[in-house]
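K.L.:
Give me a model of this one.
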Amino acid sequence: MPLSTATTTPRAPWRWAVAGLCLGALPALLLWAPARWLASAVAQASGGQLQLQQASGTVWTGSARLVLTGGAGSDDRAALPGRVHWSLRPAWGGVRMRLAADCCTTAPLALEASAGLSRLRVQVADGQSQWPAGVLGGLGTPWNTVQPQGRLQLVTQGLALQWSAGRMQIDGRVQLDALAMSSRLSTLRPMGSYRLVLQGQGSDAPSLQLSTLDGALLLSGSGQWVGQRLRFTGEASAAPEREAALANLLNIIGRRSGARSIITLG
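P.N.:
Modelled structure (predicted):
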């Protein structure tokens, strides 16, 4: 009785070729992912208020025009002069980023983000930058009413932010100096210069302090960032000889109480 011979049908060679092509293309796709993918992610995460327009390059190394908007349904928008440039590099458990703006940074700003189980930590390198205050008008209310003009000088020291179990903790210090500020609500130009300091010490309730550096519009206040909300109490007033020039602004930025305007948030 003749022996029967078992036959097996070889797997089609083209299937192996397609599988190999896909495996080889995946690293290349990740490496050369277009910058517009990052622009789309930033717009979605910010609710459309932060946009990277005319993006070029890749997700890892690219540039774009930074535009601030009032979000969905808003006609308010303002673009930062020049372009912003970024580079992203993988790091242990996260990513390193360097950011430079044609208008506003003398040296790139650097940060490192790392993620763990239900935890995200962002470490910001000490740095300094200067930004035009007018771009804030693109964010809509109340900035489109105030229409601030001046320079915003930002300084970070030992800054680290951590999100865990839905709570944010802050270490370090952020100092924002608003210099030679003016507004379309007042004929006085400039109105003054101001300092806002955010100070955290591993707490989920970092402190906030507002003070006047110089000028006829006097601002002061303090507060805390509790959870996802800012609780702040302050006041604004005018130097005696400048009350008429600042009356409109004082009526809008807070609740009038005699010569003062009381500012309450949260």
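K.L.:
how close does the residue lying closest to Leu120 once chain neighbours are set aside get to Val226?
P.N.:
Distances taken as Cβ to Cβ, 6 or more residues apart in numbering put Trp163 closest to Leu120, at 4.6 Å, once the chain neighbours are dropped. Every residue, glycine included, has its C-beta placed from N, CA and C. For Trp163, the distance to Val226 (Cβ to Cβ, to the nearest Å) stands at 15 Å.
K.L.:
and what of Ser118?
P.N.:
21 Å.
K.L.:
partner residues bridging the one residue sitting closest to the centre of the chain?
P.N.:
For the chain, the residue sitting closest to the mean C-alpha position, by Cα atoms, centre = their mean, is Leu50 at 7.9 Å. Under DSSP bridges, the beta-bridge partners of Leu50 are Leu68.
K.L.:
Check Thr156 too.
P.N.:
Bridge pairing for Thr156 - DSSP bridges - gives Gly127, Val174.
K.L.:
before we move on, the earlier item: read off the pLDDT value for the residue nearest to the centre of the chain.
P.N.:
Note on Leu50: pLDDT of 95.
K.L.:
Quick check, it in contact with Val42.
P.N.:
Yes. The criterion here is Cβ atoms under 8 Å, and Leu50 meets it with Val42 at 5.7 Å.
K.L.:
quick one on the thing from earlier: Ser118 and Val226: who's more crowded?
P.N.:
The neighbour comparison of Ser118 against Val226 (other Cβ atoms under 10 Å) goes to Val226, with 12 against 9.
K.L.:
Does that one touch Ala205 like I think?
P.N.:
Yes. The criterion here is Cβ under 8 Å, and Val226 meets it with Ala205 at 5.2 Å.
K.L.:
For Arg65, grab the count of nearby residues.
P.N.:
Arg65: 16 neighbours (other Cβ under 10 Å).
K.L.:
what residues are up against Leu176?
P.N.:
Leu176 sits next to Leu152, Gln153, Leu154, Val155, Arg195, Leu196, Val197, Leu198 when contact means Cβ atoms under 8 Å, 6 or more residues apart in numbering.
K.L.:
Narrow those to those in strands?
P.N.:
Leu152, Gln153, Leu154, Val155, Arg195, Leu196, Val197, Leu198 (DSSP state E).
K.L.:
Check the fifth one and give its pLDDT.
P.N.:
At Arg195, the pLDDT value in this model is 98.
K.L.:
ranking the ones in strands among the contacts of Leu176 by neighbours, who comes first?
P.N.:
Most surrounded of these: other Cβ under 10 Å gives Leu152, at 20 neighbours.
K.L.:
Just give the closest residue to that one, not the sequence neighbours.
P.N.:
Trp131 (4.5 Å).
K.L.:
what's the answer for Asp126, then?
P.N.:
Counting by Cβ to Cβ, 6+ apart, the residue nearest Asp126 is Gln157, at 5.4 Å.
K.L.:
can I assume the one you found is in contact with Arg173?
P.N.:
Yes. With contact defined as Cβ under 8 Å, Gln157 counts as touching Arg173 (4.5 Å).
K.L.:
where exactly do the helices run in the protein?
P.N.:
With helices called from DSSP state H, the chain shows them at 13-31, 35-45, 143-146, 243-253.
K.L.:
Confidence-wise, which of these is weakest overall?
P.N.:
helix 13-31 (a mean of 49).
K.L.:
Could you check how many residues crowd around Val135?
P.N.:
Neighbours around Val135, by other Cβ under 10 Å: 21.
K.L.:
Flag the shaky bits of the stretch 1-150 of the chain, pLDDT-wise.
P.N.:
1-32 (pLDDT under 70).
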